[in-house]
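K.L.:
Quick one, structure for this:
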Amino acid sequence: MERFEALRRELVTTVSHELRTPLTLIQGLVDTLAARWDRLSEGERMDLVDDLALNVASLDASVLHFIDAARVARGEVDIAGEWVELTPVVARVRSKLESALGGRNVQASLDAERVWGDPEGVARMVELLLANAARFTPLGSGITVGARKQPGSTLISVTDQGQGIAAKHLPHVFEPFYRADVSETGVSRGAGLGLFIVKELAERHGGAVRVSSTQGRGSTFSVELPDPAVP
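P.N.:
Numbering: from 1, shown residues only. Next up is the predicted model:
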């Protein structure tokens, strides 16, 4: 009961912060456009509109995280198994996250061409892992999306070139609302739900998640999904 209450309080605090921050920025940008429209150059207007679009996208992502976390926690996600081609999945996700990636170079190293799983669920896991990597990868650095076959399963991985994760945090990174302090990461805290959603989706596929990291050299997050059972 105490753990539930602690999670409830954390949820309220997190939702308030994660939604309020982009809303405040959006309101400020709209007010600036409305008040200074005639005095702004075309270029200045477009810069403000671009900032507005980025903050709307951030707000949308936060809301989707909360919705997804609630659905997977309640067991409301249906998993329909089929062979999913990974090349188009990575291409779609990379295009969707273009703004968040901010020019970071995303390479695909897909030794395994397909994976058995739910198409929407697989795409969502790749998206969340890639978005997480983008947050911790310096501009100009690369991110690699990999896939390789294992006996009885396929391993999908996302490797970044960020500063890595301290050993004390590794056992907790897939827990809901868990976030390292910004003083350690240099990155805004976020909702702490993306990796939790990845773990829940992987487990509903009958799979598992893992992380390996070396401070100063980056991290690799992996999802292992089992092949279909042979009758």
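K.L.:
tell me, what residue is most central in this structure?
P.N.:
Taking Cα atoms, centre = their mean, the centroid of the chain lies closest to L128, which sits 2.6 Å from it.
K.L.:
For it, which residues are in contact?
P.N.:
G194, L195, I197, V198 (Cβ atoms under 8 Å, 6 or more residues apart in numbering). C-beta here means a position set from N, CA and C on the backbone, and glycine is covered the same way.
K.L.:
Go again with 7 Å.
P.N.:
L128 is in contact with G194, I197, V198, counting by Cβ atoms under 7 Å, 6 or more residues apart in numbering.
K.L.:
Relative to V30, how far out is the last one?
P.N.:
So that's V198. 34 Å (Cβ to Cβ, to the nearest Å).
K.L.:
more crowded one of the two?
P.N.:
Between V198 and V30, counted using other Cβ atoms under 10 Å, V198 has the larger neighbour count: 26 against 12.
K.L.:
and the more buried one, what element?
P.N.:
Using DSSP states H and E, V198 sits within helix 194-204.
K.L.:
F221 now?
P.N.:
F221 belongs to strand 218-226, assigned by DSSP H and E.
K.L.:
So which elements touch that strand?
P.N.:
Contact analysis of strand 218-226 by 3 or more Cβ pairs under 7 Å, 6 or more residues apart in numbering; DSSP states H and E lists strand 114-117, helix 119-136, strand 153-159, helix 194-204, strand 208-214 as its packing neighbours.
K.L.:
go with 6 Å
P.N.:
strand 153-159, strand 208-214 (3 or more Cβ pairs under 6 Å, 6 or more residues apart in numbering; DSSP states H and E).
K.L.:
what angle sits between the last one and strand 153-159?
P.N.:
Computed with axes from the mean of the first three to the mean of the last three Cα atoms, to 10 degrees, the direction of strand 208-214 lies at 40 degrees from that of strand 153-159.
K.L.:
neighbouring contacts of strand 208-214?
P.N.:
Strand 208-214 is contacted from outside by G164, I165, V173, F174, K199, A202, S219, T220, F221, S222, V223, E224, using Cβ atoms under 6 Å, 6 or more residues apart in numbering.
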